[in-house]
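Asks: Following is a predicted model, sequence given first.
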Amino acid sequence: MRREQTALSLAMVGLLVVTACAPSPSAGGGAEPAAPAPEREKTLTAMIQREPGSFDQSFTAMGSSRSGGVNHVYPIVRAEISRVDEAGQRQPGLATEIPTQAKGTVVMNPDGTMDVTWKLRPDIYWHDDTPVTTGDFLFRHKVNQELQIVGNLPPGFLKSVTALDPKTMVVRWSVPYVRYDEANVEKLPQHILGDLYDRDKDALILSRYFRGEHVGTGPFKLVEWVEGSHMEFRRNERYHLGVPPIHRLFLRFVPDINTMVANLLAGVVDVALPEGIDMEKAIELRKRWQEEGTGHQVKSYITPAVYQLEIMVNPEFARPISALPVTAVRQGLYHAIDRPALNQALHGDLGMVADSFYAPNDKYYPMVKDVIPQYPYDPRRARQLFEQSGWTVGPDGVYVHPPSGPRPSGPTSSFPYDLPATGEERFDIHLMLFPGQQHFKLGSIVQANWKDVGVNTRLESLTPANQTDVSYTSRRTGLFTSNPGGSAFYTGRLLCSSIPTEAKRWSGSNRGHFCDPTVDDLLTKITYTIPPAEQQVLHRALLAETIGKAMLFPLYWESVPIIMLKGVTGPNMLGSVTTMDIHKWDKE
């Protein structure tokens, strides 16, 4: 009996040991598995230099849509029907695919119009969880038409938007439009703004929707906009391209560059986005961090924006009259600028010299790169071109030109210019600069280059007042530094109709008053022509008529730094913005 009890006791011990060593039962076995560790909430703080006027510049024209880093704000909360990739090509955004003729979704009609069929993704939502439908696009088109908001398109260009169903729509263009795949088809949340607009159209313009109460479709939702300070965002859990790894995003507005640098050095900001800290300071930071071995990052990106000298060619305003309106003289001035040295002085090894308005990542660049007219630095050639145009060296080394015909009875530009009694002109030109140390350095280098070839240059740094006075900059006598997107020059910037005039309240982007019927015809055909082979012929001809005649002086491609603390990944430049892929940003 005792032996049986002992055996039973040993059996029980063995059972307990086996049970203790056995694996945990599955979910079906009754016991619940341990809960997974909660996801660590990640917060990232970025900064830009200037606070935006609103989330939609079309309705609230409050300053430039890109200066000071403002253009990086919009993709945080907005998703468009298409998006650009690293190669500069269009990819689907809110749409399921990019329409093409081969797929039958781009159709040329007998009456000359063009129909483009877009199909929306099934998984796209506004930030309040309302599905995005074609009705939102129809509503925006209605608002644009009734309020005459045309954006970058000529009036009447986008003829109609028709919904076939809640996820399919046909966009009719009044003519074939080569850039139909870009984000020119826009939306507004009809469920939020529709009733308001029907009651009071002006109330839509003044709505807080465009500022602190914005509801978008992008990877982050606006939580708070503290004007003059910052914006706070939470990630969009239903974002169609994937839930961002970052949970909370702060975007701070820091106008002073030195304060931006101090914030990075103190570690209170993770990312500094362009435009803000200039390349010179970025290079200093990179050198310091490399020496200290911090692991912090300074990355340089070439954007599609080209820094250029925009030339006044209208004889009504241009001074000297025998200089800037003359093709050979412009060509000489361009030869006299040492662009490689200029780029090196401003950007070190992080910049790129420009020789046209076609950026290296422009989809048309491969079509034209072998025919871009070249203007290598050549002071001797510059003097030859001046002298062929009737200029001779004066007693002080500055070129002069004899009278060459009737002169205007009085100055008509923004700037006084008194012609000598003899009518002889001195090669004195005026170079207008945006404010800032880098712009002044640019102007000083050009000034020294031109002094070496007998040209006297007066520099003027714009004040905050005259920087926004378009009548002032549109009636200048000489040249003006600017950095528009390169594509602007083959879309509409050089059209005669884009010249600012008093009758148009000085609106228009063609501030050099360049007007050539041949170029107008080429630009019109480029807009309407779809086949790539025909596009190539047109773009190559446009280069000959513009850069070939030195109608503008491209200097260098905008090179901008993105500065990140150690552990931050993702920020890069797509097109002209750094936040196109912000849903991929992460932080260790």
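Replies: Good, I have the coordinates. Numbering: from 1, shown residues only.
Asks: So, low pLDDT: which residues of the stretch 51-200 of the chain?
Replies: 59-67, 150-155, 183 (pLDDT under 70).
Asks: Show me the helices in it, by range?
Replies: Under the criterion DSSP state H, counting those that start in this stretch, helices of the stretch 51-200 of the chain are mapped to 74-77, 134-146, 190-199.
Asks: tell me the SS of Met231?
Replies: Following DSSP: H, G, I helix; E, B strand; the rest coil, we place Met231 in the strand state.
Asks: Apologies, that question was intended for Val306.
Replies: Taking three-state DSSP, the label given to Val306 is strand.
Asks: Out of the helices of the stretch 51-200 of the chain, which one sits most buried?
Replies: helix 74-77 (a mean of 22; mean count of other CB atoms under 10 Å). Every C-beta, even on glycine, is put in place using the N, C-alpha and C of the backbone.
Asks: With only the CA atoms kept, save it in CSV.
Replies: Only the C-alpha atoms of helix 74-77 are listed here, as CSV (Å, rounded to 0.1, in the frame of the first residue of the first chain):
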residue,chain,number,x,y,z
TYR,A,74,0.5,71.6,-48.5
PRO,A,75,1.4,67.9,-49.1
ILE,A,76,1.3,67.4,-45.4
VAL,A,77,-2.5,67.7,-45.4
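Asks: Show me the contact partners of that helix.
Replies: With CB atoms under 8 Å, 6 or more residues apart in numbering as the test, helix 74-77 has contacts from 52, 55, 127, 214, 216-222, 233, 249, 251, 577, 579-580, 582.
Asks: and Leu459, what are its bridge partners?
Replies: Under DSSP bridges, the beta-bridge partners of Leu459 are Leu431.
Asks: I should have written Val161 there, sorry.
Replies: Going by DSSP bridges, Val161 forms beta bridges with Val171.
Asks: Quick check: it vs Phe210, distance?
Replies: Val161 sits 21 Å away from Phe210, taking CB to CB, to the nearest Å as the criterion.
Asks: Can you show me the strands along the stretch 1-150 of the chain?
Replies: Using DSSP state E, counting those that start in this stretch, the strands found in the stretch 1-150 of the chain span residues 43-48, 82-84, 90-92, 106-108, 114-119.
Asks: Out of the ones you listed, flag the one nearest Gln384.
Replies: Of all the strands of the stretch 1-150 of the chain, it is strand 82-84 that lies closest to Gln384, at 43.1 Å by CB to CB.
Asks: which residues are in contact with the closest one?
Replies: Identification of contacts with strand 82-84 by CB under 8 Å, 6+ apart yields Arg90, Gln91, Pro92, Gly93, Ala95, Ile98, Asp181, Glu182, Ala183, Leu574, Gly575, Met580.
Asks: Domain map for the chain?
Replies: Domain ranges of the chain: 38-78+218-296+565-588, 83-198, 303-560, per automatic domain parsing.
Asks: okay, those in JSON lines with distance to Ile205 next?
Replies: Shown next, in JSON lines, are the domains of the chain (distance: least, CB to CB, whole Å):
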{"stretch": "domain 38-78+218-296+565-588", "distance to Ile205": "5"}
{"stretch": "domain 83-198", "distance to Ile205": "8"}
{"stretch": "domain 303-560", "distance to Ile205": "19"}
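Asks: Surely Val171 is in contact with Leu158?
Replies: Yes. Here Val171 reaches Leu158: they are 6.8 Å apart, a contact under CB atoms under 8 Å.
Asks: Find residues that contact each of those two.
Replies: Val185.
Asks: looking at this protein, which helix or strand is least sure?
Replies: helix 2-21 (a mean of 35; mean pLDDT, DSSP states H and E).
Asks: In strands, which of the contacts of helix 74-77 fall?
Replies: Of these, the ones assigned to strands by DSSP state E are Phe220, Lys221, Leu222, Phe233, Leu249, Leu251.
Asks: thinking again about what came up before, among the helices of the stretch 51-200 of the chain, which is nearest Thr463?
Replies: helix 74-77 (28.5 Å).
Asks: Work out the gap between the closest one and the centre of the chain.
Replies: The chain centre lies 13 Å from the centre of helix 74-77; the measure is CA atoms, centre = their mean, to the nearest Å.
Asks: State the number of residues packed around the residue nearest to Pro131 when sequence neighbours are not counted.
Replies: In space, Pro131 comes closest to Tyr125 once its chain neighbours are excluded; the distance is 5.7 Å by CB to CB, 6 or more residues apart in numbering. Tyr125 has 15 neighbours, counted by other CB atoms under 10 Å.
Asks: Also the one 3 residues further on?
Replies: Burial of Asp128, expressed as a neighbour count using other CB under 10 Å, amounts to 11.
Asks: Just list the residues touching the nearest residue to it once chain neighbours are set aside, thanks.
Replies: The shortest distance from Asp128 to any non-neighbouring residue, by CB to CB, 6+ apart, is to Val215 (5.4 Å). By CB under 8 Å, 6+ apart, Val215 lies in contact with Trp126, His127, Asp128, Pro189, Ile192, Tyr209, Leu222.
Asks: same deal with Val446?
Replies: Contacts of Val446 (CB under 8 Å, 6+ apart): Leu309, Ile337, Leu342, Leu431, Thr457.
Asks: What of His72?
Replies: Per CB under 8 Å, 6+ apart, neighbours of His72: Ile48, Leu273, Pro274, Val577, Thr578, Thr579.
Asks: Distance of it relative to Val453?
Replies: Here His72 is placed at a distance of 40 Å from Val453 (CB to CB).
Asks: Check Trp126 too.
Replies: 59 Å.
Asks: Which one's more surrounded, these two?
Replies: Taking neighbours as other CB under 10 Å, Trp126 and Val453 compare with Val453 leading, 23 against 20.
Asks: so the more buried one makes contact with Ala382?
Replies: Yes. At 4.7 Å, Val453 and Ala382 qualify as touching, with contact defined as CB under 8 Å.
Asks: rewinding a little: let's have the contacts of His72 in JSON lines, adding neighbour count.
Replies: Putting the contacts of His72 into JSON lines (neighbours: other CB atoms under 10 Å) gives the following:
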{"residue": "Ile48", "neighbour count": "26"}
{"residue": "Leu273", "neighbour count": "27"}
{"residue": "Pro274", "neighbour count": "27"}
{"residue": "Val577", "neighbour count": "21"}
{"residue": "Thr578", "neighbour count": "26"}
{"residue": "Thr579", "neighbour count": "28"}
